[in-house]
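Trainee: quick one: sequence and predicted model below, then my questions.
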Amino acid sequence: MAPLLRSDADYFRDKARRDLLTLLEGARGKKNLVISQELAGPVGLFVKFSVLQEYGVDRVFLLENANIDSSQRNVVFLVRGEKARHVRIVAEQIKRLQNNANVEHEFFIFFAPRRTLVSNAVLEEAGITGDVNIAELPLHFMPLEQDILSLELDDSFGDLYLHKDPGCIFHAAKALMGVQQRHGYFPRIVGKGDNARRLADLLLRMRKELDAEESSGLADPSARGLLPSASVENLIIIDRDVDFGTALLTQLTYEGLIDEYVGIKNNQADVDTSIVGPAPTPQLQESSKAPQQAKQGLKRKIQLDASDQLFSQLRDANFAIVGDILNKVARRLENEYESRHTAKTTGELREFVNRLPTYQLEHQSLRTHTNLAEEIMRLTRSETFRKTLEVQQNNAAGADSTYQHETIEELIARDVPLKTVLRLLCLESCMSGGLRPRDLESFKKQVIQAYGHQHLLTFWALEKMELLQPRSSATTMLLPTSGAQAGSKTNYGYLRKNLRLVIEEVSEKDPNDISYVYSGFAPLSVRLVQCVLQKSYMVSLIKGGTPAASLNTANTTSPGWLGFEDVVKSARGATFSIVQKGDDKAVRARQTLSGNSATKAVYVFFLGGITFTEIAALRFIAAQEAPRRKIIICTTSIISGDRMMEAAIEKGSFAKAE
Amino acid sequence: MPSNPLANWEKVGDSFYRKIAVYDAIFEDDIELENYIVAGAPYGGAIALYRDESKPFRLRDGQGSRSTIDVYSCSGQKINRINWEQATIRGLGWSDKEELLVVSEDGTVRRYFELDGEFTSFSLGNGSEEYGVRACQFWSSGLVALLSNNQLIAVSKYDEPRPRLLAPCPEGEVSSWALISPAHTLSRSVEVLLAVDKTVFLIDSTEAEDKILQDGPFKHISVSPTGRFVALFTAEGKLWVVSNDFQNKFSEYDSKSRVPPNTVNWCGDDAVILGWEDEIHLVGPNGVASKYYYDGRVHVVPEFDGVRLITNDTCEFVHKVAGVTEEIFRLGSSSPASVLLDSVDQLEKKSPKADENIQRIRSSLPSAVDTCIKAAGHEFDAYWQKRLLKAASFGKSVLELYNSDEFVEMTEKLRVLKALRDYKIGLPLSYEQYLRLTPEGLIERLISRHEYLLAIRISEYLQIPADKIYVHWASQKVKVSTVDDEAVCKLIVQRLDGKPGISFEVIAQAAYDEGRSHLATQLLNHEPRAGKQVPLLLNMEEDELALDKAIESGDDDLVNYVLLHLKSKLPLASFFRMINTRPMASALVETAARGEDIELLKDLFYQDDRPIDGANVLLSEALRDTDLTRQTEKLHLASRLLSDSKEPTVVLNQKLVTEASQLLKVQDALDKDLADHSEFLGLSLNETVYRLVRGGYGKRAHKIQSEFKVPEKTFWWLRLRALVAKRDWGELEEIAKLKKSPIGWEPFYNEILGAGNTKLASGFVPKCTHLSPAERIEMWVKCGMIVKAGEEAQKTKDLNTLELLRTKASGPAATEIERMINQLRPRK
């Protein structure tokens, strides 16, 4: 019974592709595709432009560019149904085409992931409901990698914490229901944070509703409803607001740094050609071609995923050792390449020639990553980076933050990017329970004077998101020992000690703890996951023993937060561990039928976004837990400190030109 | 006495057809079928009768002028009567779901559900009102209407009907037409064959293709159930069967009739039925025909696997004899299955031949068993069904390994079919039809006939969901029962207790539609799905409850929908009051309003007494504005909003807002004084200072610094960066002469060095007194001044560093370093 079939990633990718192509087939003949920006990238994850072409797509337009023309009779719009604003734009464009063109258009709107009542109302209002063919494209999880499922909701962070719009929780619940329908119910849902609790509640409710809806036989109860899965162990939900602090730190893994400096979107990075050189052979370009007409200009798209072997080796490593790895690979490649001279027989020669394309590919990737790494190296050597990092690490380590203020003030005066400054301020606020009101006031003034008065709104947003706050009462958060009461804020002081967030002697080269990802600071979010999955490791770590030794005895007998309830309470928001029971008899019957599968899956859902660094840390755990467990990372989107800030930063300004 | 299985067989060409009388005594004699238009639903469904207005009829008392559509079952049970007071009916047809569709001349389409008279209607539009509908044709899920101007309108689904014009048709007299259902066209949308004048046009949504035929006009045109063949009836009384592309003619049949038949229908994919008033020709392949005669008018109702013939007396089903049946029953058949059937007879006679038979067909016994099972399915007569199953059972008992699933399933299906074919139910499904209709489809038909008990029995028997049956039953109960609400609710809840998948929302809706809103609310409480309750609650004006249920469901879309509804309905104040206590609702209202309704947002913040939020709205409005005076105005308004509070954050915000407009004023002045275009306006304060310094307006920069109280350190940094950018080395040298810098001198060194002026940079090294010698040495080296570095090292007697420096030095510097080393090196 246990679906030993394809991985979730493949399954969801295939499903999404099939769904989209079936819909496209429904629009007979050639068609133009208009797609909203936020969907263009994700769609590129599971279907190539050439495939779209096979299905009659002639040209692809971005909704935001509003340049759809009448070159094809069929026009297909692909937008998110939840975005009333986008639906309104669609309605406008349809009306424009109807009025202008002498072509009798046939319109299709595909709503992802669902057709909403509000979008119906919008179309109704525009008076075009009758003129369009409407369909749903149930697009939920999109696989970024074999172990990462993302909803790719770029706005989810802002929606959740700034606008308090729980839409993405609902979306997440739907997506997780999809997982449950495939594997059976998560036998246990463990989580931390208020939004996480909301998500869990939704899952429970949806299960009830599904049971109610489930139309199945009367005589045979075992066919009714789903059962707790035999192949899944847990769902762990971590609310981002439990640990804003970690995400605000500058990521120090290779992939994390690329994301910080270049930005990775849907597994692709737009890198300046002056750094990595112009696009090479079309072969590579193929895979990196998103369905939109990329404005080539001076940027080159680089595909960053497991298809690049070298990158898989580098991505989760601390940047400090990336140079070493690159050197090693370079040497190996050279050796192998040189082996052509030693090839004696024609057979050996043929073998060499056969491997030649692989070499070339590897060589290319080596060149790209060497260039990229050098560029990042250059940036990390700069004085401002050093100062920024210093402030961050002091904050992370729990040093008195007021000593850092001078540095931050200098950075402001030196006009470093606003995001960097705000990250430092937010970091301090998160880590030490708010800034002293006087300090906050002074920083507010300085930042506003330096970056513009529009940022009054930015500060307001940050406060609303509880990222940057005045310290309410001076004493509550300062004492690291006074934890243990369920707080509205995460008490880093207490947790730093009780979960050993800071490990100074961690080796970046040969790491034995997840803290390597931030060169000595373990992400709280992932420590929480460890509290569920690696209890004995955590216990020995806290007691101060040598951590590595006791790894193997990890017991699965104490489920949920057991053993860590008190510690975990010091992190913000609700703590819960829910068992989803099925019909006992049926469960037992199933177990005897299928036996317990050896590898159990653990789904870790980061609500509100996850950083690449946290992914690296989770992978580190996954490697330790293999083969007993496999960890599947789910998230609403990939986030970074900069992206968190972007959600808050006011984009308008008083300047006229822009 | 069993009937002869061959009794009603008719040989048509190479194959056999059979006509089975399913029911008799259908209609009362006073219904004169010749005066009616008859339309039958597929899969043995209901039959709709409508008086043909083109025919004269005798007025009878009572129902005289009133025209009605009467719906009967195949066995003549009257199901419903629909009064028709609309325009003349031009099309009467059924969908696969047994919805009756009535198209009137003015283009109105009514769609009746569930046979009980409830309907929705829509208009065909597209000029149907002006020109009038001439005729209609239907397929499983759609219809095509022909207007009197030869224009065709297609509707491809009824749930969201979107009538669409097909390609314009050629002028001319349309003598007949037929549609090809989307399942059988290349374009996957409906296409129409239109016989115009002498030829036939194929019309799809974009073009009309002339098939260029010469032998028209065609009086009838009909497409076979698989879409592969087309039957044409010519004016000369000839029937042609051609391929669907009109390239090949397969057969021709001369009906020898001057009068064209009333109907031309396909009977399966091999034969065509020509129907006159009281005469039927069954034309098989190669133009061979068989004829049936009747006493009265006969109507033909097509099915995909045959046709139903309806007369006053009988309902008959004509279809091709299935291969398996033929194999067994054909005269002189010696097929293994036939032998197997024979052995059952022998067995009953206790004759040893039974065993002999079995031995003879031993090798092909499994397939003989299969054949018998299949043939049982095609048989209508229970006697022969039993006989065949008995043969199969006997056969499989001999076999060692045989999977009985098919046998069991067939017995189940036959039981179901038998129950359905009972004249009280009147669903004479053939085996093939049952497979296509599916058990679920079957249940729906039973539901719409209110045959709940049978539906439940069948669903239990076949183990398929019964929830819809219960829900329908309950809805019906709500509609017809007269007892008080509590009792009805109790009864329903009691009956449905523990049944899975019950949608109380549907039942509640039914109650509400009946005007029993109290009952509806009561029933809704039993609905487990919060989301499902919302639309009904809104209808019932239970606004607050609807909002709560929507929030409970966690579905943001639903909440937004309710809010949209409430906003347009309630006065603003009560709307705000309603969302006030519900954080999710107010968050969603705020988010939505931010995009589209700023004024609402202002009202909301005012009502809620949230000055900062209110001021922020004004601030963002100011940001979006491009006109300076309006911007200042907004900022002024914002500042006034904030001025009432004494709270420190508000006070600070107010100060900063005021500062913003002040800055804009200053910048505007700068633009007027210094630049001919807008250069300064809208910059940040620091940026303004920076640009002023860079532009050489140091004094103005100073003035702004003091006016806006820019911190000293910040100002120094700005000046430093601006001067470096300007490469104003002179000014920097001036600064170097100062004694103290609030930011220290190291930044000067770094920035200037970064700009490439090593000489000037080196001038700041000695000023960095707080740095360690090692750091200063590094600084000297970076400027390329090895000797100076050496001197620094010499001061601290750092021999190692000197040695290091020596490797870097060249020329005179090297000698100098050497000298220092020698000085320091202890004399031997």
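Mentor: Arrived safely, thanks for sending. Numbering: from 1, shown residues only, chains lettered A, B, ... in the order given.
Trainee: can you list the domains in chain A?
Mentor: A:6-138, A:252-276+A:303-379, A:382-472 (the TED database).
Trainee: next, format the ones you listed as a markdown table and append mean neighbour count, mean pLDDT and distance to B:Leu685.
Mentor: Any C-beta I mention is one placed from the backbone N, CA and C, and that applies to glycine too. As requested, the domains of chain A are exported to a markdown table (neighbours: other C-beta atoms under 10 Å in any protein chain shown; pLDDT from 0 to 100; distance: least, C-beta to C-beta, whole Å):
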| stretch | mean neighbour count | mean pLDDT | distance to B:Leu685 |
| --- | --- | --- | --- |
| domain A:6-138 | 18 | 88 | 33 |
| domain A:252-276+A:303-379 | 17 | 87 | 28 |
| domain A:382-472 | 20 | 91 | 4 |
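Trainee: redo those domains as CSV? Include distance to B:Ile456.
Mentor: Listed next are the domains of chain A as CSV, based on distance: least, C-beta to C-beta, whole Å:
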stretch, distance to B:Ile456
domain A:6-138, 33
domain A:252-276+A:303-379, 52
domain A:382-472, 55
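Trainee: which of those domains sits closest to B:Glu527?
Mentor: Closest approach to B:Glu527 among the domains of chain A (C-beta to C-beta): domain A:6-138, 17.9 Å.
Trainee: first vs last residue of that closest one, how far apart are they?
Mentor: 20 Å (C-alpha to C-alpha, to the nearest Å).
Trainee: do that domain and chain B meet at all?
Mentor: Yes: applying C-beta under 8 Å from any C-beta of the partner chain, one finds domain A:6-138 touching chain B at A:26, A:28, A:81-82, A:84-85, A:114, A:116-118, A:121, A:130-131, A:133-134.
Trainee: narrow these to those in helices?
Mentor: A:Gly26, A:Ala84, A:Arg85, A:Leu117, A:Val118, A:Ala121 (DSSP state H).
Trainee: and the third one, what does it touch?
Mentor: Put plainly, it is A:Arg85. Counting by C-beta atoms under 8 Å, 6 or more residues apart in numbering or on different chains, A:Arg85 makes contact with B:Gly595.
Trainee: still on that earlier bit, now, the most widely separated pair of the ones in helices among the residues of domain A:6-138 next to chain B?
Mentor: A:Gly26 and A:Arg85, at 26.0 Å, using C-beta to C-beta across those.
Trainee: and of the domains of chain A, who's closest to A:Leu528?
Mentor: domain A:382-472 (15.4 Å).
Trainee: what's the first-to-last distance across that closest one?
Mentor: Terminal-residue distance, domain A:382-472 (C-alpha to C-alpha): 36 Å.
Trainee: could you list the contact residues of the stretch 501-650 of chain B toward chain A?
Mentor: Where the stretch 501-650 of chain B comes near chain A, counting by C-beta under 8 Å from any C-beta, the residues are B:501-503, B:528-531, B:553-558, B:560-561, B:564, B:583-584, B:587-588, B:590-592, B:595, B:612-613, B:616, B:619-620, B:622-624, B:626, B:631, B:648-649.
Trainee: which among these end up buried?
Mentor: Buried subset of these (neighbour count, 16 or more other C-beta atoms under 10 Å in any protein chain shown): B:501-503, B:528-531, B:553-558, B:560-561, B:564, B:584, B:587-588, B:590-592, B:612-613, B:616, B:619-620, B:622-623, B:631, B:649.
Trainee: among those residues, name the ones in helices.
Mentor: Among these, the ones falling in helices (DSSP H) are B:530-531, B:553, B:556-558, B:560-561, B:564, B:584, B:587-588, B:590-592, B:612-613, B:616, B:619-620, B:622-623, B:631, B:649.
Trainee: elements contacting the lengthiest helix in chain A?
Mentor: Longest helix of chain A, by residue count under DSSP H: helix A:346-381. On a contact count with 3 or more C-beta pairs under 8 Å, 6 or more residues apart in numbering or on different chains; DSSP states H and E, helix A:346-381 meets helix A:254-261, helix A:273-276, helix A:282-287, helix A:309-314, helix A:322-342.
Trainee: can I get these in a markdown table with distance to chain B?
Mentor: Below are the helices and strands packed on helix A:346-381 laid out as a markdown table (distance: least, C-beta to the nearest C-beta, whole Å):
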| stretch | distance to chain B |
| --- | --- |
| helix A:254-261 | 20 |
| helix A:273-276 | 20 |
| helix A:282-287 | 31 |
| helix A:309-314 | 31 |
| helix A:322-342 | 23 |
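Trainee: nearest to A:Arg628, out of the ones you listed?
Mentor: Of all the helices and strands packed on helix A:346-381, it is helix A:309-314 that lies closest to A:Arg628, at 22.6 Å by C-beta to C-beta.
Trainee: contacts for that closest one, please.
Mentor: Against helix A:309-314 from outside (C-beta under 8 Å, 6+ apart): A:254-255, A:304-306, A:322, A:325-326, A:329, A:362, A:365-366, A:369.
Trainee: apply 10 Å and report the result again.
Mentor: Helix A:309-314 is contacted from outside by A:145, A:253-255, A:258, A:302-306, A:308, A:321-322, A:325-326, A:328-329, A:333, A:358, A:361-366, A:368-370, A:372-373, using C-beta atoms under 10 Å, 6 or more residues apart in numbering or on different chains.
Trainee: likewise stretch B:620-637?
Mentor: Contacts of stretch B:620-637 (C-beta under 10 Å, 6+ apart): A:452-454, A:456-457, A:650-656, B:594, B:598, B:601-602, B:614-615, B:617-619, B:638, B:657-662, B:664-665, B:667-668, B:671, B:678, B:681-682.
Trainee: now the buried members of these.
Mentor: Looking at the contacts of stretch B:620-637 with 16+ other C-beta under 10 Å, the buried ones turn out to be A:452-454, A:456-457, A:650, A:652-655, B:601-602, B:614-615, B:617-619, B:638, B:657-661, B:664, B:667-668, B:671, B:678, B:681-682.
Trainee: contacting residues for residue 526?
Mentor: If you meant another chain, say so; for now it's chain A. A:238, A:243, A:246, A:514-515, A:517, A:604, A:606, A:610, A:613-618, A:620-621.
Trainee: my bad, chain B
Mentor: B:Cys489, B:Ile492, B:Val493, B:Leu496, B:Asp497, B:Ile502, B:Phe504, B:Glu505, B:Ile507, B:Ala508.
Trainee: what about whatever residue of the stretch 401-550 of chain B ends up closest to chain A, which SS state?
Mentor: Relative to chain A, the nearest point of the stretch 401-550 of chain B is B:Pro465 (3.2 Å; C-beta to the nearest C-beta). Three-state assignment for B:Pro465 (DSSP: H, G, I helix; E, B strand; the rest coil): coil.
Trainee: how close does it sit to B:Ile456?
Mentor: As judged by C-beta to C-beta, to the nearest Å, B:Pro465 and B:Ile456 stand 11 Å apart.
Trainee: next, count neighbours for the closest residue in space to B:Ser128 that isn't next to it in sequence.
Mentor: Nearest residue to B:Ser128, sequence neighbours excluded (C-beta to C-beta, 6 or more residues apart in numbering or on different chains): B:Gly107, at 2.8 Å. Using other C-beta atoms under 10 Å in any protein chain shown, B:Gly107 has 24 other residues around it.
Trainee: verify the stated contact: B:Gly107 with B:Gly132.
Mentor: Yes: assessed by C-beta atoms under 10 Å, B:Gly107 is found in contact with B:Gly132 at 7.7 Å.
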